[in-house]
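Q: can't give you the sequence, but here's the structure:
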């Protein structure tokens, strides 16, 4: 199909999620003509805010909900008007010891308080000292690894030298994380708290020889060199609104309700991007196409054979409460416990049992999950009346809930009921008694399963990372699984965003160093495209 000059762009970006918007802003600021095509009626992808319950003025982060990996460098360079607020409480984990309810509180603002909590739970300082040493090590690794995520990909050997700690390298990059957790910690609950960061969004176990748990853990502890998970003031929608504003201000065009259907071309001339919208179908030409979609989706657009289908494994639940529930632990203040990450059924053995049950195709008998209350840190997502009423929000992220469990239409309700039952087990009152009701008198609770994430957001299998995460270094040989293996020596390969086509780059979570709300693959794809677009035509 022929195209004219008015429909020719330097870069077309497929997908207006946060990574696509980052790429658009960088390329437009570089002086290039940029078009973003987004299938949905709004930008943001999974990083959006929504009024989920009629008559309840609360703008919930419907899908993704916290920020750690978004580099301060990107915020600064794009001039984003965005506030990320630090949570003083890192986590609270309820427990029962000697038949009495208790819990483990990790207060980053008061090490003495944290130490006392460890001592009360474990009856010694051993676990506290091990905790400090372990996270001291991950902190040093974070300081050295995180800056590399917005640089050309280092080799495995280069990253190893940069870390400069052979014991840490072996523990995080060479051996299953479970070995280190079991060797370092003795208490089952403490082991479980550590392991959870290796499982969020990744269906695996502590001793997975493929090291999927290690990769997930690494990305959870290196954000901005500290590993802190921050609350976006105004909700996740504030993040992508700021990014969309930066892209538009730089001159990028953004068209929502425009679904890309194919990418054609031989890689030697302009690519042709076909799309459909409310008024019909059209095609535009582009010197470079940046795809902010899963590799499986890219394969469909190119008409090539896809890689094995990914599978998401989480249950996302949003709630609005009339008040925070009381806890069985008489010492714990709910305003502390729910301000950080509230771990439920996440002891080490519980996590391993839940994985084994789900892998066998059964709903976990004690579903593990974690909760946090956005409004304790940032009440701005509530309207004035909701604030006056004292409403609070709760976000629950359930682990080990793979897509395979949701073939039965009733499975979602069973998963939700089982997850809330585990929460109730550590509360002094049922969570149902604390839920607000919407304008129709219905409890304010909604859940999303992997199949629903696939239908609503186009995530294959509902996988929030688009596919398994990769270690943040270049593949040592084609097919090694740490990179795309394509375009060796090209700018795209050096930045970890290469595909089989030299004119098509991957700028979404499935790129090397993708996953999470980070903007890193968007930044890296833009850097590769800027290099290519500036090169003299051959």
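A: Yep, that arrived. The model shown is predicted, which means the values in this text are computed figures rather than measured ones.
Q: mind listing the strands the longest strand seen in the chain pairs with, and their directions?
A: Counting residues, the longest strand found in the chain (DSSP state E) is strand 280-291. Using DSSP bridges, the strands paired with strand 280-291 in its sheet are strand 8-14 (parallel), strand 271-277 (antiparallel), strand 504-506 (parallel).
Q: so what's the model's average confidence on it?
A: The pLDDT scores in strand 280-291 average 97.
Q: next helix or strand past that strand?
A: helix 295-302 (DSSP states H and E).
Q: the helix or strand where residue 135 lies: how far from the chain's middle?
A: Using DSSP H and E, residue 135 sits in helix 126-145. Distance, stretch centre to chain centre, for helix 126-145: 22 Å (C-alpha atoms, centre = their mean, to the nearest Å).
Q: mean confidence score for that helix?
A: 98.
Q: other SSEs contacting the following helix or strand past it?
A: Using DSSP H and E, the next helix or strand after helix 126-145 towards the C-terminus is helix 156-163. Applying 3 or more C-beta pairs under 8 Å, 6 or more residues apart in numbering; DSSP states H and E, we find helix 156-163 packed against helix 126-145. C-beta coordinates here come from the backbone N, C-alpha and C atoms, glycine included.
Q: and the contacts of the helix it packs on?
A: 114-115, 118-119, 121-122, 159, 162-165, 167-168, 171-172, 184-187, 190, 194, 218, 221-223, 225-227, 472 (C-beta atoms under 8 Å, 6 or more residues apart in numbering).
Q: at 6 Å what do you get?
A: If you take C-beta atoms under 6 Å, 6 or more residues apart in numbering as the criterion, helix 126-145 is touched by 115, 118, 162-163, 168, 184-185, 187, 190, 221-222, 225, 227.
Q: now which of those residues would you call buried?
A: Taking 16 or more other C-beta atoms under 10 Å as the criterion, what is buried in the contacts of helix 126-145 is 115, 118, 163, 168, 184-185, 187, 190, 221-222, 225, 227.
Q: show me the helices in the stretch 301-450 of the chain, by range?
A: In the stretch 301-450 of the chain, the helices defined using DSSP state H, counting those that start in this stretch lie at 334-337, 348-359, 374-377, 384-389, 411-424, 450-457.
Q: and of the ones you listed, who's closest to residue 510?
A: Closest approach to residue 510 among the helices of the stretch 301-450 of the chain (C-beta to C-beta): helix 450-457, 13.7 Å.
Q: following element in sequence after that closest one, please.
A: Next along from helix 450-457, by DSSP H and E: helix 491-494.
Q: kindly provide the whole-number mean pLDDT of that following helix.
A: Helix 491-494 comes out at a mean pLDDT of 97.
Q: any buried residues in it, and which?
A: Here helix 491-494 shows 491-494 as buried, counting by 16+ other C-beta under 10 Å.
Q: what's it in contact with?
A: 152, 487, 498, 505, 528, 531-532.
Q: buried sites along the helix holding residue 135?
A: 127-128, 130-131, 134-135, 137-138, 141-142, 144-145.
Q: out of the buried ones among the contacts of helix 126-145, the closest to residue 278 would be?
A: residue 222 (42.6 Å).
Q: how close does the closest one get to residue 518?
A: Computed as C-beta to C-beta, to the nearest Å, the residue 222 to residue 518 distance reads 11 Å.
Q: same thing with residue 363?
A: Using C-beta to C-beta, residue 363 is found at 31 Å from residue 518.
Q: neighbour count winner among the two?
A: residue 518 (25 against 18; other C-beta atoms under 10 Å).
Q: now the more buried one, nearest residue through space, not along the chain?
A: Nearest non-adjacent residue to residue 518, counting by C-beta to C-beta, 6 or more residues apart in numbering: residue 69, 3.5 Å away.
Q: next, the one you found: phi, psi?
A: Residue 69 adopts backbone torsions of phi -90, psi -10, taken as degrees, to the nearest 10.
Q: now do the contacts for it.
A: With C-beta under 6 Å, 6+ apart, residue 69 has these contacts: 223, 516, 518.
Q: residue nearest the middle of the protein, spatially speaking?
A: When the chain is reduced to its mean C-alpha position, the nearest residue by C-alpha atoms, centre = their mean turns out to be residue 516, at 2.7 Å.
Q: what sits against it?
A: residue 69.
Q: roughly how far apart are it and residue 68?
A: On the measure of C-beta to C-beta, residue 516 and residue 68 end up 7 Å apart.
Q: same question, residue 363
A: 30 Å.
Q: how about residue 454: what's its closest non-neighbour residue?
A: Nearest one to residue 454, counting by C-beta to C-beta, 6+ apart, is residue 462 at 4.8 Å.
Q: also residue 227?
A: residue 221 (4.1 Å).
Q: what of residue 354?
A: For residue 354, the spatially nearest residue (C-beta to C-beta, 6+ apart) is residue 364, at 3.8 Å.
Q: show me the contacts for that neighbour.
A: Residue 364 neighbours (C-beta under 6 Å, 6+ apart): 354, 357-358, 400.
Q: no further queries at this time; thank you.
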